[in-house]
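>>> Starting from these lines, generate the structure:
(chains A and B)
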Number of protein chains: 2
Amino acid sequence: MTSELEDNKKFSEFDRIFNPKSIAVIGVSSKGSGYGGGIIRSLQGVGYEGNIFAVNPKGGEFAGIKIYKSMEDIPELIDFAIITVPAQHVPEALEVCRQKGVSGAEILSAGFKETGTKEGIALEEEIKRIAAKGIRVIGPNCFGIYCPKSGLTVVPGPDLSRESGHVAFLSQSGAMTIDFAYMGNWMGIKFSKVVSFGNGSDLRDTELLEYLSVDPETHVICMYIEGVDDGRSFFRILKDTAKRKPVIIYKGGLSEAGKRAVTSHTASMGGNREVWESLLRQCNAVQVNDLIEMANASLAFSQLPARVYKGLSVTGGSGALGVSASDTAEIFGLSVPLFKKDIRDKIDKILPKPGSSSPNPIDVANAYFRPHRLKEVLLHAATDEKIDLHVVIKLLHHYKSLVIKLNLDSVKEVTPYKDLAENLKEVADRSNKPVIVVLPNIRQEVEAIDIEEMMREAKKELLNKGIAVFDDIKEALKAVSHVSVFYSRQQKRS
Amino acid sequence: MTSELEDNKKFSEFDRIFNPKSIAVIGVSSKGSGYGGGIIRSLQGVGYEGNIFAVNPKGGEFAGIKIYKSMEDIPELIDFAIITVPAQHVPEALEVCRQKGVSGAEILSAGFKETGTKEGIALEEEIKRIAAKGIRVIGPNCFGIYCPKSGLTVVPGPDLSRESGHVAFLSQSGAMTIDFAYMGNWMGIKFSKVVSFGNGSDLRDTELLEYLSVDPETHVICMYIEGVDDGRSFFRILKDTAKRKPVIIYKGGLSEAGKRAVTSHTASMGGNREVWESLLRQCNAVQVNDLIEMANASLAFSQLPARVYKGLSVTGGSGALGVSASDTAEIFGLSVPLFKKDIRDKIDKILPKPGSSSPNPIDVANAYFRPHRLKEVLLHAATDEKIDLHVVIKLLHHYKSLVIKLNLDSVKEVTPYKDLAENLKEVADRSNKPVIVVLPNIRQEVEAIDIEEMMREAKKELLNKGIAVFDDIKEALKAVSHVSVFYSRQQKRS
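Purely as a prediction, here's the structure:
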């Protein structure tokens, strides 16, 4: 294995790619139509602070930016280029970038290998040849890079977050890149680097993974893969990376129809389900089956301390919720152990009567159970050494009944979510056992949009306090189980 | 097996229970505190048309209703009673009801067998003895009956729908009853009869199931069970019922902690996971693992024609969505077969270029692809005899970009969901192959509440046209697979 220093040398150009001080957008119409104008609007929208240059042989101006007739005319050094011209003009544009000393270019244009035509395949080969001469290429047929720190963004992407975090995402699908980036906004996932690499003519899965494995800003790596270029290298790097940080992999195209779809999508080979699953397990990669599972897992990995989780305290507002959480925990290899007698007695003293239940799961028997009482309950629960994590299920929609009953103004004002967030943070801090919250919304009718608004505010508040929030107990425990299995295997192998 | 006629004779009293012309609420404080006042408010809220009588030894008036000092004072025949007095007074109240000729009573009060105390157990035994003398009992420790047709409702339940449908729900959990009833409002599930039977001292799982199996208003039966009274009878009736209509069962308490939780919840015995799963399979019951899966399955069963579904056409707005749907289909035993060449060619002529794909999954490559063009595509797809069902994945949030770009007023006005619903209904009608729609919302940030509002309107519109809508491709295909497996097994066994 190469050392981190050598790696860093190997990836010395990557900083200019992800954090460019100047960007050239090639293929910008002064009318603003097409991807060129779109990406400039996006860069301006997120507030990219570097210099943006536009290029089009026709010249002109767009969005307050002068359009240069050629790259050669630009009087400055360009770190990164975004190429949006039609496929047949791409090789020429790329070659000009290379000659100008641009470190890397993302090619958003489609019409290459994925078309399956002789022309498309030949054009992609030409790109590869130019890249090999000394310019790194993302794409073609991709959405490019989103990097919150530098303000490099994708189309559409003018309202993506500028807040940096530690989750990276590598994706062969542009649409999934956008979806995940937007989901991050409200799910509380903050990104270090996001790359939609499409056909992956040059930079792709293996090399980008290797880079992220030594990138200090990246703690959790997510990947959507339709096919890999060189399986042997990929699995070697994957196994190596998983020793340092979790790699969550969603492999698309494991079914017959899925394979057919990936061929026309990114010209990849799908591969066999059993083979993939077995290789991913051997590498201690975290395998997920859809985008939501990937997002939830990345949230859990970024919010929970790196440990093995087994025993859960489960607190819910109804008996059936506790039953359901307990059954679900078992399905995912977690447990809801019976509290010690003295702990049960202490909890019992706090819970309202009748109808409550203390043994674990805890049934607080009252939707309006006060957050500071909940804190006391959880602090007692945390003293049981069998407990590794607290799961709190809150049915906040009940506060709407209170609004109606007491003729109050708004459910957002009545619901004590700030209080809840503060008290739960205190539990996590004082007990050193993390808390996760499940906020299901069973009131999604058109008329109850105020409940949805309140829940979104509550979610935001909890996330701001470092508490992971999930919509659904099944999704929550699946995510926790991914974290637990990953660190447990990592320990066994080290 | 008894004939339907005999069954109907056996259940002759049940009509007075579910469709009472007069209700007595026993235990109503003139101050309106407690469950008694709550249920009266609920009955008034949903607009129950029969006569409501209130009873409390102290007399008085509540919500415009005179409170009688005793049941004997009420000058009319009472069909149904709702008992909310403290546990120790329940047997006496029930006995008075029986003597007055009340057909059935729901006992909302808690404090019986579920407490595990000698007193609680003895009180429940007394209830059983009185019931055996000639009055049917729902509960105790329950939320009672919700019947949209008659306006009989639960607490809280003043805003439950009065629109009748064909899905019944029997539940040992009161909270789950309320949750499911409210979910029906926006998921498009319409109920015939919903019963929260709590401890089930008299009427419970087996007998209620037997009744629903011959109830012409019920086409789909859902059950949340923590334990059954008499396993042999239950499975015999279940097997028999599943020959007539689908029975969807969510069994709580299959894990160690879950068993503990059900004991303190409804005093039931949990049972072994493997044994339950095997028995349910033998009976051709539809087993689900959570409330959402149950709700989605009941939606699919009530909206899709009773057939075996295997081949799907999948239409999505991006390549990765199609890949994901295809892989998911395989996991659930469904398939996304390649269309015949001539059909592919016809579809190709309609799809926008470049980037679209026709083989199945279909990638329309444009989020704004027109509904009437989509209709044409699906009508061609329907001519392939391998296709049994159409799955349309729509990412409606893209219309928000259009609003921003074109500086328009509201996303609700721009999004052509009415047009979509009409065109998809036409596909289902003309091709006799149903359509389901998946509407994921990846924009759930606080600021994008307008997208959520639009999506809820869209969902409503589609449901009104008889098209089942799901939030997620995985949940959707799991539900379809339940329908398919059920009818396939039913065919094999008949």
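>>> so what pLDDT did A:A468 get?
For A:A468, the pLDDT comes out at 98.
>>> Next, count neighbours for it.
Other residues near A:A468 come to 24 when the count uses other C-beta atoms under 10 Å in any protein chain shown. C-beta here means a position set from N, CA and C on the backbone, and glycine is covered the same way.
>>> Then A:P216?
As a burial measure, A:P216 scores 9 neighbours (other C-beta under 10 Å).
>>> quick one: it from A:S192, how far?
A:P216 is 9 Å from A:S192, where distance means C-beta to C-beta, to the nearest Å.
>>> tell me the strands in the stretch 251-400 of chain A, going along the chain?
Ranges of strands within the stretch 251-400 of chain A are A:286-288, A:312-316, A:362-363, A:389-393, based on DSSP state E, counting those that start in this stretch.
>>> mean confidence score for stretch A:342-349?
Rounded mean pLDDT across stretch A:342-349 is 96.
>>> circling back to that earlier point, and the strands of the stretch 251-400 of chain A as a markdown table, adding mean pLDDT?
Output for the strands of the stretch 251-400 of chain A, formatted as a markdown table (pLDDT from 0 to 100):
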| stretch | mean pLDDT |
| --- | --- |
| strand A:286-288 | 97 |
| strand A:312-316 | 94 |
| strand A:362-363 | 92 |
| strand A:389-393 | 97 |
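>>> pLDDT below threshold where in the stretch 201-350 of chain A?
Within the stretch 201-350 of chain A, the segments meeting pLDDT under 70 span A:263-270.
>>> can you list the residues of it near chain B?
Residues of the stretch 201-350 of chain A lying close to chain B (C-beta under 8 Å from any C-beta of the partner chain) are A:224, A:226, A:252-258, A:260-262, A:264-266, A:289-292, A:314, A:317-324, A:326-331, A:335-338.
>>> ok so, going back, compare the strands of the stretch 251-400 of chain A and give me the one nearest B:I135.
Across the strands of the stretch 251-400 of chain A, B:I135 has its closest neighbour in strand A:362-363 (30.6 Å, C-beta to C-beta).
>>> packing partners for the closest one?
Under the contact criterion of 3 or more C-beta pairs under 8 Å, 6 or more residues apart in numbering or on different chains; DSSP states H and E, strand A:362-363 touches strand A:312-316, helix A:319-331, helix B:256-266.
>>> Show me what the longest one is packed against.
The reference is to helix A:319-331. Judged by 3+ C-beta pairs under 8 Å, 6+ apart, the packing partners of helix A:319-331 are strand A:312-316, strand A:362-363, strand A:389-393, helix A:473-493, helix B:174-187, helix B:256-266.
>>> what's the angle from the fifth one to strand A:312-316?
Using axes from the mean of the first three to the mean of the last three C-alpha atoms, to 10 degrees, the inter-axis angle of helix B:174-187 relative to strand A:312-316 is 70 degrees.
>>> For A:V288, the count of nearby residues, please.
23.
>>> Cross-check the contact I'm expecting between it and A:I249.
Yes. Using C-beta atoms under 8 Å, A:V288 is in contact with A:I249, at 7.1 Å.
>>> SS state for A:I237?
Using DSSP: H, G, I helix; E, B strand; the rest coil, the structure places A:I237 in helix.
>>> Wait, it touches A:L209, no?
Yes. With contact defined as C-beta under 8 Å, A:I237 reaches A:L209; the gap is 5.4 Å.
>>> before we move on, the earlier item: want to throw the strands of the stretch 251-400 of chain A into TSV with distance to A:S22?
What follows is the strands of the stretch 251-400 of chain A, written out as TSV (distance: least, C-beta to C-beta, whole Å):
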stretch	distance to A:S22
strand A:286-288	37
strand A:312-316	51
strand A:362-363	57
strand A:389-393	46
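>>> Find the helix or strand that the closest residue to A:I237 other than its chain neighbours is a member of.
Leaving aside its sequence neighbours, A:I237 sits nearest to A:E210 (C-beta to C-beta, 6 or more residues apart in numbering or on different chains; 4.9 Å). Under the criterion of DSSP states H and E, A:E210 resides in helix A:205-214.
>>> Which one of the helices and strands packed on helix A:319-331 lies nearest to A:G134?
A:G134 lies closest, by C-beta to C-beta, to one member of these: helix A:473-493, at 37.8 Å.
>>> what about the closest one and chain B, any contact?
Yes. Contact of helix A:473-493 with chain B (C-beta under 8 Å from any C-beta) involves A:473-474.
>>> What is that helix packed up against?
Helix A:473-493 packs on strand A:286-288, helix A:291-303, helix A:319-331, strand A:389-393, strand A:435-438, strand A:468-470, going by 3+ C-beta pairs under 8 Å, 6+ apart.
>>> nearest to B:T241, of these?
Short answer: helix A:319-331, nearest of the helices and strands packed on helix A:473-493 by C-beta to C-beta, at 23.0 Å.
>>> What are the buried residues along the closest one?
Neighbour-count burial for helix A:319-331, counted by 16 or more other C-beta atoms under 10 Å in any protein chain shown, picks out A:319-330.
>>> and if you look at stretch A:224-242?
For stretch A:224-242, by 16+ other C-beta under 10 Å, it's A:224-228, A:234-235, A:237-239, A:241-242.
>>> Could you do stretch A:397-405 as well?
Quick answer for stretch A:397-405 (16+ other C-beta under 10 Å): A:397-401, A:403.
>>> May I ask which of these comes out lowest in pLDDT?
Within these, pLDDT is lowest for A:S401, at 82.
>>> and that one, what is it in contact with?
B:P156 (C-beta atoms under 8 Å, 6 or more residues apart in numbering or on different chains).
>>> Centre of the chain to the host helix or strand of it, how far?
Using DSSP H and E, the element containing A:S401 is helix A:398-405. With C-alpha atoms, centre = their mean, to the nearest Å as the basis, helix A:398-405 stands 35 Å off its chain's centre.
>>> For the helix or strand following that helix, list the C-alpha coordinates in PDB.
Later in the chain than helix A:398-405, the nearest helix or strand by DSSP H and E is helix A:411-414. In PDB, the C-alpha atoms belonging to helix A:411-414 read as follows (Å, rounded to 0.1, in the frame of the first residue of the first chain):
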ATOM      1  CA  VAL A 411     -49.000  23.700  16.100                       C
ATOM      2  CA  LYS A 412     -45.400  25.000  15.500                       C
ATOM      3  CA  GLU A 413     -45.700  27.200  18.600                       C
ATOM      4  CA  VAL A 414     -47.200  24.500  20.800                       C
END
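>>> The helices and strands packed on strand A:362-363: which one's closest to A:M71?
Among the helices and strands packed on strand A:362-363, if distance is taken as C-beta to C-beta, the winner is helix A:319-331, at 56.7 Å.
>>> Let me see the contact set for A:L238.
A:209, A:247, A:249, A:280, A:283, A:285.
>>> need those residues in TSV with neighbour count, can you?
Below are the contacts of A:L238 laid out as TSV (neighbours: other C-beta atoms under 10 Å in any protein chain shown):
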residue	neighbour count
A:L209	23
A:V247	27
A:I249	22
A:L280	19
A:C283	22
A:A285	23
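>>> farthest-separated two in the residues you listed?
A:L209 and A:L280 (13.1 Å).
>>> Among the contacts of A:L238, which one lies nearest to chain B?
Taking C-beta to the nearest C-beta as the measure, chain B lies nearest A:I249 of these, at 13.4 Å.
>>> Verify the contact between that closest one and A:R281 for me.
No. In this structure A:I249 lies outside contact range of A:R281 using C-beta under 8 Å: 10.9 Å.
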